[in-house]
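Chemist: can you look at this prediction? I've put the sequence above it.
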Amino acid sequence: MKKPLFDDIGSYPLPEGTTKDWVEAAFADIHSHRNALYGIITEAMRQKLNAGVEIPTYPQFQNMISQFNDPILDTERTEAPLLIKEEEARIIELYALEQMAAEYREEKGEKLKLRICVTGPIELYYKQFPPPVYIDVLSNIAKSVGRYIKHAVENAKNYEVKCASLDEPSMGLDPRIEEEGVITALGLASQYAAQKGVDIQIHLHSPIFYDTVCQVEGINVIGVESAANPSLLALIDKTQLEKYDKYLRIGVSRTDIFSMAAEYNETHHTNAFKDKGALETIINDYNSPEQVKKRLANAYSIFGDRIGYVGPDCGLGAFTTQELAYLLLKNTAEGLKYFYADSR
């Protein structure tokens, strides 16, 4: 049995007392807030590692659209319309993690392996422009996305970019999105990483476009949010994955905290968000190690070694505290251990 890698999607709750407004201001003025901001990012990463995540994503506290669209739209940071200069395609969070990565390397004798997440070109295009799709505009956005990945890979010192994910949550959900330009854009965005042997995931909230994604040479891992929606697995054909040599990232723990809480509230006639203990109960009930193990066992019975990565369905930014997010990651790690122990 080939053991999949345990990663996470990226977003994480802010520590108690820190607001989104402060984070936005801190990223806008790094010089004034560097130590505090870098400390928050580093601590969140330590929590992910301590919980057992093997390939953690840098903690995402920024808006997934403005983080990339704002620089791409800034004429002083671009060399052509919507084409960012290579030296400007920086992911600030990775700079924040360099010191921690150096300590990790000193302690472990190896580089920290990271997953990076860059908002995909389709998502960025449709958040900025209405249909129809202009391929030249979309292509420059896609090249810019690819440059963010390239900059992260080439400027890594004490960490290694093991996986880069293109976040495309609207594909298959936004009725405006058609197939035109999708293969071209995703190919341009993933080209550099694929050439360097970096795994390229695509994070989808719906697998409707998975057949189209299979035709993108640079993408080798397709994400499926199958913990909350196990029926989505039925939409994917293993023979199609084998034909194009693609793998899956399977969601094995639910992250839809509002839906889980609503179900719990209806059953127990309470308001879970007013009771921290109730939220902990929800995490442990819906994402117990046994539940995680069961979900992976089901997916493995269908796809076997075509599963390359596993982890939570989506990001944990909606969770009310870091303690709850940590609990979910820890339960996930334990569930995976149970599954692998029984599969020997």
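Modeler: Here it is on my side, so go on.
Chemist: helices or strands next to the one helix or strand Lys143 maps to in the packing?
Modeler: Assessed by DSSP states H and E, Lys143 sits inside helix 135-154. Applying 3 or more Cβ pairs under 8 Å, 6 or more residues apart in numbering; DSSP states H and E, we find helix 135-154 packed against helix 66-73, strand 83-84, strand 112-119, helix 121-128, strand 159-168, helix 182-195. Quick note: C-beta positions are derived from backbone N, CA and C, even for glycine.
Chemist: and the contacts of the longest one?
Modeler: It stands for helix 182-195. The contact list for helix 182-195, computed with Cβ atoms under 8 Å, 6 or more residues apart in numbering, reads 118, 120-122, 125, 135, 138-139, 141-143, 145-147, 149-150, 153, 161, 164, 166, 171, 199-200, 202, 209, 212-213, 215-220.
Chemist: please save the CA atoms from stretch 162-172 in PDB.
Modeler: Provided in PDB are the C-alpha atoms of stretch 162-172 (Å, rounded to 0.1, in the frame of the first residue of the first chain):
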ATOM      1  CA  LYS A 162       6.600  19.700  -1.900                       C
ATOM      2  CA  CYS A 163       3.200  20.600  -3.300                       C
ATOM      3  CA  ALA A 164       1.500  23.700  -4.800                       C
ATOM      4  CA  SER A 165      -2.200  23.900  -5.000                       C
ATOM      5  CA  LEU A 166      -4.400  26.000  -7.300                       C
ATOM      6  CA  ASP A 167      -7.400  27.000  -5.400                       C
ATOM      7  CA  GLU A 168     -10.500  27.000  -7.700                       C
ATOM      8  CA  PRO A 169     -13.500  26.800  -5.400                       C
ATOM      9  CA  SER A 170     -16.000  28.300  -8.000                       C
ATOM     10  CA  MET A 171     -15.300  25.800 -10.800                       C
ATOM     11  CA  GLY A 172     -18.400  23.600 -11.000                       C
END
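Chemist: what sits against the residue nearest to Pro59 when sequence neighbours are not counted?
Modeler: Excluding its sequence neighbours, the residue lying closest to Pro59 (Cβ to Cβ, 6 or more residues apart in numbering) is Ala44, at 3.8 Å. Shown in contact with Ala44 (Cβ under 8 Å, 6+ apart): Tyr12, Pro15, Pro59, Phe61, Gln322.
Chemist: which residue ranges form the strands in this protein?
Modeler: Listed in chain order, the strands found in the chain under DSSP state E are 5-6, 78-80, 83-84, 112-119, 159-168, 199-204, 221-224, 247-253, 307-312.
Chemist: closest to Ala25 out of the ones you listed?
Modeler: Across these, Ala25 has its closest neighbour in strand 112-119 (21.2 Å, Cβ to Cβ).
Chemist: show me the shaky parts of the protein.
Modeler: 1 (pLDDT under 70).
Chemist: the same query, at a cut-off of 50, please.
Modeler: Along the chain, no part satisfies pLDDT under 50.
Chemist: still on that earlier bit, list of residues touching the helix holding Lys143?
Modeler: Helix 135-154 has contacts (Cβ under 8 Å, 6+ apart) with 68, 72, 78, 80-84, 86-87, 89-91, 94, 116, 118-122, 124-125, 129, 161, 164, 166, 180-181, 184-193, 196, 198.
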